[in-house]
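**Q** coords please:
(2 chains)
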Amino acid sequence: MDLKFLPFEQPIAELESKIKELQLVGNDNELNIAEEVNKLKEKSNKLTSSIYSKLTPWQIVQVARHPHRPYASDYIKTIFSNWEEMHGDRHFGDDNAIIGGVCRLDDQPLLVIGQEKGRGVSEKVMRNFGMPKPEGYRKALRLMELAERFNLPIITLIDTPGAYPGIDSEERNISESIARNLAVMSRLKVPIICTVIGEGSSGGALGIGVGDHVNMLEYSTYTVISPEGCANILWKSSEKAEIAAEAMGVTSLGLERLNIVDETIKEPLGGAHRDMEKMCVNLKVRLVEQLIELKKISTDDLVSRRYDRLMRYGSVIN
Amino acid sequence: MAGSKTEKNNSVPEGLWKKCLKCQSPLYRPELERNMDVCPKCGYHMRIGARRRINIFLDESGHQEIGQEIEPIDRLKFKDVKKYKERLSEAQKNTGERDALIAVIGTLKSMSVIVCAFEFSFNGGSMGYAVGEKFSLAAKYALEHRKPLICFSASGGARMQEAVISLMQMAKTSAVLEKMRIAGIPYISVMTDPVYGGVSASLAMLGDLNIAEPGARAGFAGPNIIEQTVRQKLPSDFQKSEFLLEKGQIDMIIPRNELRQRIHNILSILTNTRDT
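**A** Residues are numbered from 1 along each chain as shown, chains lettered A, B, ... in the order given. Have a look, this model is predicted:
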């Protein structure tokens, strides 16, 4: 498999290509070079874990945007069963940048909403690169209200470069569509678990991000604005994105410290895209556990807990 | 105004005339002020500060401030080309405010109301912890005392120097407004030039009535970003209040000198109260 190594992964890429070469040689001459390959593999793993143990925020941004990174639809396929996707906001159209539907997590029926970037050119275009328009947020709202009526817990998977900054988005009031979701999600009478699986960028991410428990995958990011956007405004140069990423503290560790994120979910060595199955298992185990915990809380307590938590955001005694 | 160059030359009455930013007419300041900083020639609504906004909107009987003690917090020790701390103290010095939102309890034609107003000259009216916290405090007061809330927004959006903490103020302010909505307490959002980003996508668009001043621009993404994305020129009225009205995003456009009377009228209908 072509792992599409990132610039900072070049030393790993070199080792991996050596391994590949050796394996080819091995196949040709029937020489027993398995031992050598194993040694190199071990070395590659060690190198990977050493590089990944000290990733900078900007490097994490790169991993979060990796073209092979699992998307919402990948998690939906693997973690949930009996999936039925539902479409449309009932007013204007169906936004493919947000997918939603009912399904089961083991036996538990629930609603899943996810932002989807799409793989390959034509799907990316169809998904608008994961940048939702107002109808996407309104579809999400419609489905979340449906979930409340049928007492289905809600799981959201966040992965967007931001809400779509286009003329049609503004004409149909993208601001209101996000604001409305924030308002309604704050009081829905079912448990809501939000997980940032890749890029959680600005209001576009938060528009499906208000919940009782907020997870971030280890190499995902959550930001008020993209590092490039921030750099552009504050440093007047998008080339300072690396510094902006650092300054904004875009990673889960920083956000856990600010009590904005509850939990970081471990990724496989080298990132979620290196071992999607393992990533799905890691996420599923945590979701199951979190849901059990949230279901123990009475509806009234759940809603007032969520509200109180929102009210504490940013205060020092948080 | 540059903070460093404030040495006064008393012999010349400083800035007695001001040019209208739109029609370029020279305007006599006292007259302009009487006209609430609206150009008497072309009707252009100039930006005004939060204190002045509150003063021209509420009765003269005085008002009491809410959350005056709330200070911005630099949780991230943020630094771009300048330290956030320095930016804050400069903005505080230049505006005399602790942060970009003022909230007061006062009366509007004798009706007791809560008013919030953004100070755009404080870091572009951006919303960080202090703004979100003060707005929420004002809304909670309105909830508890069952009094209408009116917010005059003027903001570039979320405050980048507080990163995700700023983002979360969107959720916080929206949540408390949802409580008001359920409790049936009126919230009137008045958008004044300009309202963008995280403020537009939270408290500004959630009014029972959304109102805009003439010519005010409001939207999620700024015109530059949109132009870069769609690679076409935007129409000149794009995101202006007339556009917002046409697209169904606001209930009405109200000129500055009618805001008092008409918002009072709306609130007395919504709350079924009559002038005494």
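
**Q** State the pLDDT value of residue 95.
**A** Since no chain was named, I'll use chain A. pLDDT, residue A:95: 98.

**Q** Actually, chain B is the one I wanted.
**A** Taking residue B:95 on its own, its pLDDT is 97.

**Q** Excluding covalently adjacent residues, which one is nearest to it?
**A** residue B:122 (4.8 Å; C-beta to C-beta, 6 or more residues apart in numbering or on different chains). Every C-beta, even on glycine, is put in place using the N, C-alpha and C of the backbone.

**Q** Provide a list of residues in contact with the one you found.
**A** Residue B:122 sits next to B:91-92, B:94-95, B:97, B:99-100 when contact means C-beta atoms under 8 Å, 6 or more residues apart in numbering or on different chains.

**Q** For it, give me phi and psi.
**A** phi -100, psi 100 (degrees, to the nearest 10).

**Q** what pLDDT does it get?
**A** According to the model, residue B:122 scores 98 on pLDDT.

**Q** Please report which of the contacts of residue B:122 has the highest neighbour count.
**A** Highest neighbour count within these: residue B:100, with 29 neighbours (other C-beta atoms under 10 Å in any protein chain shown).

**Q** That residue and residue B:133, how far apart?
**A** Separation of residue B:100 from residue B:133 (C-beta to C-beta, to the nearest Å): 12 Å.

**Q** go on, residue B:127?
**A** 10 Å.

**Q** Could you check which of these two has the larger neighbour count?
**A** A count of neighbours by other C-beta under 10 Å puts residue B:127 above the other of residue B:127 and residue B:133, at 33 against 25.

**Q** Quick check: bridge partners of the more buried one?
**A** Residue B:127 forms beta bridges with residue B:158, as assigned by DSSP bridges.

**Q** tell me the contacts of it?
**A** Residue B:127 neighbours (C-beta under 8 Å, 6+ apart): B:100-101, B:135, B:155, B:157-159, B:166, B:169-170, B:173, B:198-199, B:202.

**Q** and the strand or helix carrying residue A:216, which strands flank it?
**A** Element membership for residue A:216 (DSSP states H and E) is strand A:213-217. Strand A:213-217 pairs in its sheet with strand A:192-201 (parallel), strand A:263-265 (parallel), by DSSP bridges.

**Q** Show me where the chain dips below the pLDDT cut-off.
**A** Answering for chain A, as no chain was given. A:1-3, A:26-31, A:317-318 (pLDDT under 70).

**Q** wrong one, I was asking about chain B
**A** Checking chain B against pLDDT under 70 turns up B:1-14, B:275-276.

**Q** Centre-most residue in it?
**A** Taking C-alpha atoms, centre = their mean, the centroid of chain B lies closest to residue B:153, which sits 2.5 Å from it.

**Q** and that residue, backbone torsions?
**A** phi -100, psi 150.

**Q** same deal with residue B:89?
**A** Torsion angles, degrees, to the nearest 10, at residue B:89: phi -70, psi -30.

**Q** if I look at it, how far off is residue B:72?
**A** 10 Å.

**Q** quick one, strands of the stretch 1-150 of chain B?
**A** Here the stretch 1-150 of chain B has its strands, by DSSP state E, counting those that start in this stretch, at B:17-19, B:26-28, B:64-65, B:101-108, B:111-118, B:149-155.

**Q** Kindly reformat those as a markdown table containing distance to chain A.
**A** Shown next, in a markdown table, are these (distance: least, C-beta to the nearest C-beta, whole Å):
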| stretch | distance to chain A |
| --- | --- |
| strand B:17-19 | 28 |
| strand B:26-28 | 33 |
| strand B:64-65 | 20 |
| strand B:101-108 | 14 |
| strand B:111-118 | 16 |
| strand B:149-155 | 11 |
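
**Q** what's the most buried one of those strands?
**A** Mean neighbour count (mean count of other C-beta atoms under 10 Å in any protein chain shown) peaks for strand B:149-155 among the strands of the stretch 1-150 of chain B, with a mean of 28.
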